[in-house]
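# Quick check, what structure comes out for this input:
(2 chains)
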There are 2 protein chains.
Amino acid sequence: MTRQQLFENIKSKRSFLCVGLDTDITLIPKHLLKTEDPIFEFNKQIIDATKDLCVAYKPNIAFYESQGHAGWLSLEKTISYINQNCKNMFTIADAKRGDIGNTSKMYAQAFFEKMNFDSITVAPYMGEDSVVPFLDYKNKWVILLALTSNKGASDFQFLETVSPVEGNKGMVFKNVLEISKKWGTADNMMYVVGATKADMLTEIRKIVPDSFLLIPGVGAQGGSLQEVVKNGMNKQCGLLVNSTRSIIYASNKEDFADKAREEALLLQKEMQVLLDKCL
Amino acid sequence: MTRQQLFENIKSKRSFLCVGLDTDITLIPKHLLKTEDPIFEFNKQIIDATKDLCVAYKPNIAFYESQGHAGWLSLEKTISYINQNCKNMFTIADAKRGDIGNTSKMYAQAFFEKMNFDSITVAPYMGEDSVVPFLDYKNKWVILLALTSNKGASDFQFLETVSPVEGNKGMVFKNVLEISKKWGTADNMMYVVGATKADMLTEIRKIVPDSFLLIPGVGAQGGSLQEVVKNGMNKQCGLLVNSTRSIIYASNKEDFADKAREEALLLQKEMQVLLDKCL
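Okay, the predicted model is just below:
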């Protein structure tokens, strides 16, 4: 998917919502456990109930791996179901991968060829040659970790650096933005910025004004949607705001899909107002 | 496996060799493609041919994921084969994972419970709460990326920092060592240090004198075993030196396992001399 296509989808759906599919076998409604593939069945119903309200789905790969090769199969069925049943849906493999060049190439094969995701989250620690193999695919995206939403973000991402980049008071996450933006463009790289760090968005926008940002941490983790929009929205929206637990686990009974839709609708309505005001 | 057990294995096998199982379906001998699971068949024969010469096996997970759920099954069969057929073998899931707490927990489940690996490589960018879920398992290990062997290592790992740690001229990778060593102990944390950065080992040993170091990059990537030992060995050896391509792809014909053994034997002999001299 291109940046322009993503923006068109945001405008037509009046939403920049990404729904996280962190499907945990211990948290899904019990009645699904009787089905052949409970994880896929759960995802399928969540997708059917929310696909007109969101512009992206983001399965976190850890939840599938924890179920071994059967979980991997549920993941393959999920991405294939999205690609076949949702028009113009952006898909994110939340995998946080990254390895030396020939190995990152294998990860790119796994997520872009074998499964046909639009994008993958990548960890920056190993530098350029761990990231560029993902950028070799046309209309596919790297979403690089910049500033994450968790407590541990402060351990290394905020380390003060003797800045190699003129004009930016050094901090590791800013160096990540400055250095990595030379590897690709706003047409094939996005960044993860936690909503719990919304006050940093103004500074981040100075470094990557045009890039889309994937924003986790709204809802369960405590981030504010309005703050995120105020500091982070650009002319093409430039935001994908992810919500997971408050949507997919809104109910653990037979009505889980309806309740998920209700929660997604609340967010979409809020986004619609913000989009109307800002774009 | 405990640190003492690992050391005993090194002494009795007179080897600190780790064999990388980065099994690439396009590089393995053609005659194996007729078998039901070529990747597992290849691994099985490599393992049978080298298990008395090495103390660890390290499958890189990317190579299995690139084959989808079938590849994941080959990985499960491989770790299970090692655990059943190799006495006292240390196993490393080279996965370079790391995510927010509840997600890292899922990765820990995947690699420590579902597959029973002894250890997993973890990327440090997301900080403490992305690493500790792996440390909750008794006699299991985190192998944290500190200084990697690739070119891109210089992008962020060598960024100069305004050191938060007294006495250490700041650099991101040193901060990673200093800060992370408080999360665990030398009994449950190791570090990845590329052999291509062997001159840094002396300084690294000042920060983590007792920790085992996993050293990739000897052989195909150009690192020197003697340099690594000179600067990095400690009283319990403290080194696992990995070699992959020069061993497993020593031949792409029917004799591949014999040739792999020959290459592994050369390294083991060299290690034996170095161990006799240093321990």
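
# what separates A:Thr91 from A:Met189, distance-wise?
Distance of A:Thr91 to A:Met189, given as C-beta to C-beta, to the nearest Å: 16 Å. Bear in mind the C-beta positions are built from the backbone N, C-alpha and C, glycine included.

# Now do the end-to-end distance for stretch A:140-156.
One end of stretch A:140-156 sits 28 Å from the other (C-alpha to C-alpha, to the nearest Å).

# how far does it sit from the chain's center?
The chain centroid and the centroid of stretch A:140-156 are separated by 11 Å under C-alpha atoms, centre = their mean, to the nearest Å.

# Can you classify the nearest residue to A:Asp210 once chain neighbours are set aside by secondary structure?
With C-beta to C-beta, 6 or more residues apart in numbering or on different chains as the criterion, A:Asp210 has its nearest non-adjacent residue at 3.9 Å, and that residue is A:Ala186. What DSSP: H, G, I helix; E, B strand; the rest coil gives for A:Ala186 is coil.

# For A:Ala186, list the residues it contacts.
A:3, A:208, A:210-212 (C-beta atoms under 8 Å, 6 or more residues apart in numbering or on different chains).

# 10 Å instead?
A:3, A:208-212, A:234, A:236, A:238 (C-beta atoms under 10 Å, 6 or more residues apart in numbering or on different chains).

# Inside helices: which ones of those residues?
Counting by DSSP state H, the contacts of A:Ala186 place A:Arg3 in helices.

# Tell me how many other residues crowd A:Thr202.
Residues near A:Thr202, counting by other C-beta atoms under 10 Å in any protein chain shown, number 11.

# Could you find the closest non-adjacent residue to it?
A:Asn231 is the one closest to A:Thr202 (C-beta to C-beta, 6+ apart), at 4.8 Å.

# Which other helices and strands does whichever strand or helix holds the one you found contact?
Using DSSP states H and E, A:Asn231 falls within helix A:225-232. The contact analysis (3 or more C-beta pairs under 10 Å, 6 or more residues apart in numbering or on different chains; DSSP states H and E) places helix A:225-232 against strand A:189-193, helix A:201-207, strand A:213-215, strand A:239-243, helix A:256-278.

# follow-up on the earlier one: okay, the contacts of A:Ala186 in a markdown table with neighbour count and pLDDT next?
Formatted as a markdown table, those follow (neighbours: other C-beta atoms under 10 Å in any protein chain shown; pLDDT from 0 to 100):
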| residue | neighbour count | pLDDT |
| --- | --- | --- |
| A:Arg3 | 19 | 98 |
| A:Val208 | 21 | 97 |
| A:Pro209 | 11 | 98 |
| A:Asp210 | 14 | 98 |
| A:Ser211 | 26 | 98 |
| A:Phe212 | 26 | 98 |
| A:Asn234 | 17 | 97 |
| A:Gln236 | 18 | 96 |
| A:Gly238 | 22 | 98 |
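
# which among the contacts of A:Ala186 gets closest to chain B?
A:Val208 (16.6 Å; C-beta to the nearest C-beta).

# what sits against that closest one?
Neighbours of A:Val208 in contact, by C-beta under 10 Å, 6+ apart: A:146, A:177-178, A:180-181, A:186, A:189-191, A:193, A:234, A:238.

# rerun at 8 Å
When contacts are counted by C-beta under 8 Å, 6+ apart, A:Val208 is found next to A:177, A:181, A:186, A:191.

# for A:Tyr249, same thing?
With contact set as C-beta under 8 Å, 6+ apart, A:Tyr249 has these partners: A:27, A:256.

# mind checking pLDDT for it?
pLDDT, A:Tyr249: 97.

# Tell me how far it lies from chain B.
12 Å (C-beta to the nearest C-beta, to the nearest Å).

# And for A:Ala260?
For A:Ala260, the distance to chain B equals 19 Å [C-beta to the nearest C-beta].

# Wait, that residue touches A:Thr244, no?
No. Taking C-beta atoms under 8 Å as the definition, A:Ala260 is not a contact partner of A:Thr244, at 10.6 Å.

# How about the residues of the stretch 151-279 of chain A by chain B?
Residues of the stretch 151-279 of chain A lying close to chain B (C-beta under 8 Å from any C-beta of the partner chain) are A:151-157, A:159-162, A:164, A:170, A:172, A:175-176, A:179.

# PyMOL command for the buried members of the residues you listed?
In PyMOL, a selection of the buried entries from these looks like this (16 or more other C-beta atoms under 10 Å in any protein chain shown):
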select buried, chain A and resi 152+153+155+156+157+159+161+170+172+175+176+179
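
# Show me the helices in chain A, by range?
A:3-13, A:38-50, A:61-65, A:68-85, A:101-108, A:128-135, A:153-156, A:172-180, A:201-207, A:225-232, A:245-248, A:256-278.

# Next, the angle from the first one to strand A:239-243.
The one in question is helix A:3-13. For helix A:3-13 against strand A:239-243, the angle by axes from the mean of the first three to the mean of the last three C-alpha atoms, to 10 degrees is 60 degrees.

# which secondary structure elements does helix A:3-13 contact?
Other elements packing on helix A:3-13 under the criterion 3 or more C-beta pairs under 8 Å, 6 or more residues apart in numbering or on different chains; DSSP states H and E are helix A:256-278.

# Quick one: residues in contact with the helix it packs on.
A:10-11, A:13-17, A:19, A:28-29, A:42, A:45-46, A:48-50, A:53-54, A:225-226, A:229, A:233, A:237, A:241, A:243, A:246-251.

# what's the spacing between it and its chain's center?
17 Å.

# One more: stretch A:195-208?
Distance, centroid of stretch A:195-208 to centroid of chain: 17 Å (C-alpha atoms, centre = their mean).

# residues of stretch A:87-105 that come out buried?
Buried residues in stretch A:87-105, counting neighbours by 16+ other C-beta under 10 Å, are found at A:89-105.

# Filter the residues you listed down to just the ones in strands.
By the criterion of DSSP state E, membership of these in strands covers A:90-97.

# Now narrow those to whatever sits close to chain B.
Within these, those near chain B by C-beta under 8 Å from any C-beta are A:96-97.

# closest to A:Glu113 among the ones in strands among the buried residues of stretch A:87-105?
The shortest gap between A:Glu113 and any of those belongs to A:Ala93, at 12.1 Å (C-beta to C-beta).

# For that closest one, give me its contacts.
Each residue near A:Ala93 by C-beta under 8 Å, 6+ apart is listed here: A:58-59, A:61, A:79, A:111, A:115, A:117, A:119-121.

# Kindly report the same for A:Met190.
Here A:Met190 is in contact with A:119, A:141-144, A:211-214, A:240 (C-beta under 8 Å, 6+ apart).

# separation between it and chain B?
A:Met190 is 16 Å from chain B, by C-beta to the nearest C-beta.

# likewise A:Thr35?
Distance from A:Thr35 to chain B, by C-beta to the nearest C-beta: 18 Å.
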